[in-house]
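Visitor: Build me a model:
(one chain, ligands or ions: 1)
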Amino acid sequence: MNAFTTRKDGDTLRCVLCGRQYDALARSCASCDGALLRMSYARRRFQPMQRTGIFKYLHWLPSRRGIETEIGPVVYQSEGLAGFLGLRRLYIGINGYCPERGAFNITGTFKDFEALPTLLYLQEHGVTRVILASAGNTGRAFAYAARMLGFRLDIIVPEAMAHKLWLPVKPAEAVRLTVVADSRDYSKAIELCGLAAREFGIPDEGGARNVARRDGMGTAMLEYARIVGALPDHYFQAVGSGTGAIAAWEASLRLIADGRFGDRLPRLHLAQNAPFTPIHDAWTNGKKIHPRRNIREQLARIARIKADVLANRNPPFSVAGGVRDALEATNGLTYSVTNREASAACKLFERTECFTPSAAASVAVAALVQAVRAGRIGRDDAVFLHVTGGGLDRLRKDYHIHRLQPGLRVPVARVTARSVSRLGGWFAS
Ligand SMILES: *Cc1c(COP(=O)(O)O)cnc(C)c1O
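Guide: Numbering: from 1, shown residues only. Below you'll find the model as predicted:
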């Protein structure tokens, strides 16, 4: 593993509202109602390093150390889809597995951009183990990164989703899978994760509140700026938590502060999969999101969407620095995309760009189609379409796939503080 470092002396972690400075592992502002924290990088000038992969942007990632890796953002100018839609300046960020384009996200999605920077950052601050609940893309990305960096990682998933956890390499012993038996309900996995974290003092990775995750995702926008030399007018992405959207906004702010990339924030176009569209609904109706209201109905809707990675009931929407602020700052728009529109968009993308986007990425493609049809995009506008994942069939051909085998099975009824306290043999060892 080829590692390198850069000086980080003047970098600080600050509240987006009051500017108060925090220690590296803080997750929200104590005085501003849980406002997000954001990295303030000493280096204002955008200066990618001569390195392969995501850590060419180490100056604007929170860790001091980076590693050379094939994992990194890829942006190219579209001809096929651009021609079909009548757009002159359509750029595609292809962040799944697509060797022809040089995209080597080895677990299939842009979650690979979150996992490595997060674990490196945690490692530098003395954390060497993490626990998370994930039904797929995040779990795979962290499992891969944990193996690479020698982390102890606990992943908790509902049993019915365990098959989504695989790696294109032999999994490490220190990456352990726990399943909640007889369960499809993701919230039970989250609950177990929280209980185990508390009982055994295992750090979690922080989700959208983790600046390494956001700045890792933000490298897609940095790559756009490196390739095109300016910010786009429009940014399209499918969102679940909206972390990627906040990240695109924050990266754009840094590029604007540099001075050479214009002074206009890209307009965020955020897409969700109907009939589960909490961010779209909240933005359209000017309301809050209520993760615990009508849970049964929410779960029924979630069961009907194809892009299940977008099913987040509790995105950081109203919190300061969150999705609503990102939409407000960029005069953003949201989209509701049906399964049918998404699969038509998937086929369109295959035909025009020779790549199979994942279900979630197809939702973003469909949103772009909607926007063009509605006349929201000018033919000469610079458009950045973020295809956040895909190429899994190709990945399966090129690599031997290893499934993570569950080491512990917890019955749903045992997801209680008392029962979990008896699982020290598994979690505390
Ligand atoms: C997680 C994910 C998204 C949504 O990203 P958020 O940051 O949670 O909004 C979109 N596409 C793919 C492929 C994903 O894995």
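
Visitor: What's the biggest helix in this structure, counting residues?
Guide: Using DSSP state H to define each element, the chain has its longest helix at helix 211-228.

Visitor: For that helix, buried residues please.
Guide: 211-225, 228 (16 or more other C-beta atoms under 10 Å). Bear in mind the C-beta positions are built from the backbone N, C-alpha and C, glycine included.

Visitor: Closest to the ligand out of those residues?
Guide: Met217 (6.5 Å; C-beta to the nearest ligand atom).

Visitor: what about that closest one, distance to Gly201?
Guide: 28 Å (C-beta to C-beta, to the nearest Å).

Visitor: re the thing from before, and the very next helix or strand once past the longest helix of the chain, what's its mean pLDDT?
Guide: Following helix 211-228 in sequence order, the next helix or strand is strand 234-238 (DSSP states H and E). Across strand 234-238, pLDDT averages out at 98.

Visitor: ok, now stretch 56-67?
Guide: 97.

Visitor: same check, this time on stretch 244-264
Guide: 97.

Visitor: ok, now stretch 94-107?
Guide: 96.

Visitor: first vs last residue of it, how far apart are they?
Guide: 13 Å (C-alpha to C-alpha, to the nearest Å).

Visitor: same question, stretch 374-388
Guide: Termini of stretch 374-388 sit 23 Å apart (C-alpha to C-alpha).

Visitor: So that stretch, near the ligand or not?
Guide: Yes - Stretch 374-388 comes into contact with the ligand (C-beta under 6 Å from any ligand atom), by way of Thr388.

Visitor: List the buried residues of that stretch.
Guide: 377, 382-388.

Visitor: tell me which of the residues you listed is nearest to Ile246?
Guide: The shortest approach to Ile246 among the buried residues of stretch 374-388 belongs to His386, at 13.3 Å (C-beta to C-beta).

Visitor: so what's the closest residue in space to Gly389 that isn't next to it in sequence up against?
Guide: Leaving out its chain neighbours, the residue that sits closest to Gly389 by C-beta to C-beta, 6 or more residues apart in numbering is Thr109, at 3.3 Å. By C-beta atoms under 8 Å, 6 or more residues apart in numbering, the residues touching Thr109 are 95-96, 137, 140-141, 309, 358, 360, 388-390.

Visitor: again, 6 Å this time
Guide: Contacts for Thr109 were tallied using C-beta atoms under 6 Å, 6 or more residues apart in numbering; they are 96, 137, 388-389.

Visitor: what about the closest residue to Gly242 other than its chain neighbours, distance to Met221?
Guide: In this structure, Gly242 finds its nearest non-sequential neighbour in Val323, 3.7 Å apart by C-beta to C-beta, 6+ apart. Val323 is 16 Å from Met221, where distance means C-beta to C-beta.

Visitor: Report the contact partners of Ala382.
Guide: For Ala382, the contacting residues are 89, 232-233, by C-beta under 6 Å, 6+ apart.

Visitor: Can you get me a residue count around Asp9?
Guide: Using other C-beta atoms under 10 Å, Asp9 is surrounded by 7 other residues.

Visitor: Apart from its neighbours in sequence, what residue is nearest it?
Guide: Once flanking residues are discounted, Asp9 sits nearest to Ala42: 6.7 Å by C-beta to C-beta, 6+ apart.

Visitor: Give the helix, strand or coil label for the one you found.
Guide: Classification of Ala42 by DSSP: H, G, I helix; E, B strand; the rest coil places it in coil.

Visitor: tell me the domain boundaries of the chain?
Guide: For the chain, automatic domain parsing gives the domain ranges 75-108+212-394, 128-202+400-429.

Visitor: winner for burial among the ones you listed?
Guide: Mean neighbour count, computed with mean count of other C-beta atoms under 10 Å, is highest for domain 75-108+212-394 among the domains of the chain, reaching a mean of 21.

Visitor: wait, doesn't Ala135 sit right on Met161?
Guide: Yes - using C-beta atoms under 6 Å, Ala135 makes contact with Met161 at a distance of 4.3 Å.

Visitor: Helices of the stretch 151-300 of the chain, start to end?
Guide: In the stretch 151-300 of the chain, the helices defined using DSSP state H, counting those that start in this stretch lie at 186-200, 211-228, 243-258, 278-285, 295-304.

Visitor: of all the ones you listed, which lies closest to the ligand?
Guide: Nearest of these to the ligand, taken as C-beta to the nearest ligand atom: helix 243-258 at 3.5 Å.

Visitor: and that closest one with the ligand, contact?
Guide: Yes - against the ligand, helix 243-258 shows contacts by C-beta under 6 Å from any ligand atom at 243-244.

Visitor: Against Gly102, how distant is Asn312?
Guide: 30 Å.

Visitor: Which strands or helices does the helix or strand encompassing Arg409 pack on?
Guide: Per DSSP H and E: Arg409 is located in strand 406-411. Applying 3 or more C-beta pairs under 6 Å, 6 or more residues apart in numbering; DSSP states H and E, one finds that strand 406-411 contacts strand 175-181.

Visitor: Would you agree Leu385 is in contact with Ala367?
Guide: No - between Leu385 and Ala367 there is no contact under C-beta under 6 Å: 9.0 Å.

Visitor: okay, and the common contacts of the two?
Guide: With C-beta under 6 Å, 6+ apart as the test, Leu385 and Ala367 both reach Phe236.

Visitor: which residues of the stretch 251-400 of the chain fall in strands?
Guide: Applying DSSP state E, counting those that start in this stretch to the stretch 251-400 of the chain gives strands spanning 267-273, 333-337, 382-387.

Visitor: got a markdown table for the domains of the chain, with distance to Thr52 too?
Guide: Shown next, in a markdown table, are these (distance: least, C-beta to C-beta, whole Å):
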| stretch | distance to Thr52 |
| --- | --- |
| domain 75-108+212-394 | 10 |
| domain 128-202+400-429 | 15 |
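
Visitor: returning to that earlier point: out of the helices of the stretch 151-300 of the chain, which comes closest to Arg340?
Guide: helix 295-304 (11.9 Å).

Visitor: roughly how far is that closest one from the heart of the chain?
Guide: 22 Å (C-alpha atoms, centre = their mean, to the nearest Å).

Visitor: how much space is there between the residue nearest to Ala360 when sequence neighbours are not counted and the ligand?
Guide: Nearest-residue entry for Ala360: Ala307, 4.2 Å, with adjacent residues in sequence omitted and distances by C-beta to C-beta, 6+ apart. Going from Ala307 to the ligand by C-beta to the nearest ligand atom, to the nearest Å gives 7 Å.

Visitor: got the contact list for Ala307?
Guide: 273, 359-360, 363.
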